[in-house]
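Asker: whatever this is, show me its structure:
(one chain, ligands or ions: 1)
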Amino acid sequence: MHHHPPADFIPISALQHYLFCPRQCALIHLEQLWTENVYTAEGRQLHEKAHSNKAETRGDCKTVSGLLLCSHTLGLTGQADVVEFHRLGKAWQPYPVEYKRGRPKSMAADRIQLCAQALCLEEMLHVFISEGALFYGKTRRRQVVTLNEALRDETRATILAVQDLLSKGATPPPPPVEVANNICPACSLCDVCLPLAPQTSAASYLQSVMEGI
Ligand code: SF4
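Answerer: Prediction:
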């Protein structure tokens, strides 16, 4: 039997979009806008590799890729790049590993995404997961992440914020120009978002132009 999560479940990927820029999150998940630039293309290649959906066992470690995730209590759905299962006596302890293109950009957002995967796995498998890892393609470094209470709280708060944003159904304006200058050049939606155009507030647009002089 195949269960589809209810339509108002949010995808785990939305958390990262939200943490990068709430407007980006709304453009992608409310307005279904997606443009591809080199960043997303590279990211997808890594993901496709990780999502080729195979299971592999090496000694005391089973590796499963592309596992579908869902949490009914959190209203969350997604897919894990890789979940390792480490042998622990007679049991297998799940250990999520998230693959990221490039080098760490926002470790905080990456940790939250990983924690969200772990929360789903805990609910699905009735286990407690104390640790996972992030893997960065550029540095080929594996970074261990402790799934402590602070990170769990932060993750749950982000989930609530995204649910709030998406349930309201309104796309927020771009951030103030100081923030926009920092994040928009790396955003795959920059061309369609036009963060400095007079689309939402003429006053903030004027201000951004004045500040640019
Ligand atoms: S271009 Fe800037 S304001 Fe627009 S979605 Fe991207 S980061 Fe957000």
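
Asker: beta partners of residue 144?
Answerer: Counting by DSSP bridges, residue 144 is bridged to residue 133.

Asker: quick one, what contacts it?
Answerer: Residue 144 sits next to 131-133 when contact means CB atoms under 8 Å, 6 or more residues apart in numbering. Every C-beta, even on glycine, is put in place using the N, C-alpha and C of the backbone.

Asker: and the residues you listed as a markdown table, adding neighbour count, distance to the ligand and pLDDT?
Answerer: Output for those, formatted as a markdown table (neighbours: other CB atoms under 10 Å; distance: CB to the nearest ligand atom, whole Å; pLDDT from 0 to 100):
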| residue | neighbour count | distance to the ligand | pLDDT |
| --- | --- | --- | --- |
| 131 | 15 | 31 | 97 |
| 132 | 25 | 27 | 97 |
| 133 | 17 | 27 | 96 |
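
Asker: closest to residue 78 out of those residues?
Answerer: Nearest to residue 78, judged by CB to CB, of the contacts of residue 144 is residue 132 at 13.8 Å.

Asker: so residue 127 sits against residue 121, correct?
Answerer: Yes. Residue 127 lies in contact with residue 121 (CB atoms under 8 Å); the separation is 7.3 Å.

Asker: can you map out the strands along the chain?
Answerer: Using DSSP state E, the strands of the chain run over residues 10-11, 55-58, 61-71, 76-88, 91-100, 131-136, 141-146.

Asker: what residues of the longest one count as buried?
Answerer: The reference is to strand 76-88. Using 16 or more other CB atoms under 10 Å as the test for burial, strand 76-88 gives 76-85.

Asker: also the fifth one?
Answerer: In terms of neighbour count (16+ other CB under 10 Å), strand 91-100 has its buried residues at 92-100.

Asker: how close does the residue nearest to residue 93 when sequence neighbours are not counted sit to residue 54?
Answerer: Nearest residue to residue 93 in three dimensions, chain neighbours excluded: residue 86, at 4.8 Å (CB to CB, 6 or more residues apart in numbering). Distance of residue 86 to residue 54, computed by CB to CB, to the nearest Å: 18 Å.

Asker: show me the protein divided up by domain.
Answerer: Domains of the chain are assigned by automatic domain parsing as 10-172, 175-213.

Asker: and those domains, which one averages the lowest pLDDT?
Answerer: Lowest mean pLDDT within the domains of the chain: domain 175-213, at a mean of 75.

Asker: ok so, going back, now the buried residues of strand 76-88 as CSV including distance to the ligand?
Answerer: What follows is the buried residues of strand 76-88, written out as CSV (distance: CB to the nearest ligand atom, whole Å):
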residue, distance to the ligand
76, 22
77, 23
78, 21
79, 23
80, 26
81, 24
82, 28
83, 30
84, 33
85, 37
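
Asker: of those residues, closest to residue 58?
Answerer: Nearest to residue 58 among those, with distances taken as CB to CB, is residue 84, at 9.8 Å.

Asker: quick check: beta-bridge partners of that closest one?
Answerer: Residues in beta-bridge contact with residue 84 (DSSP bridges): residue 63, residue 95.
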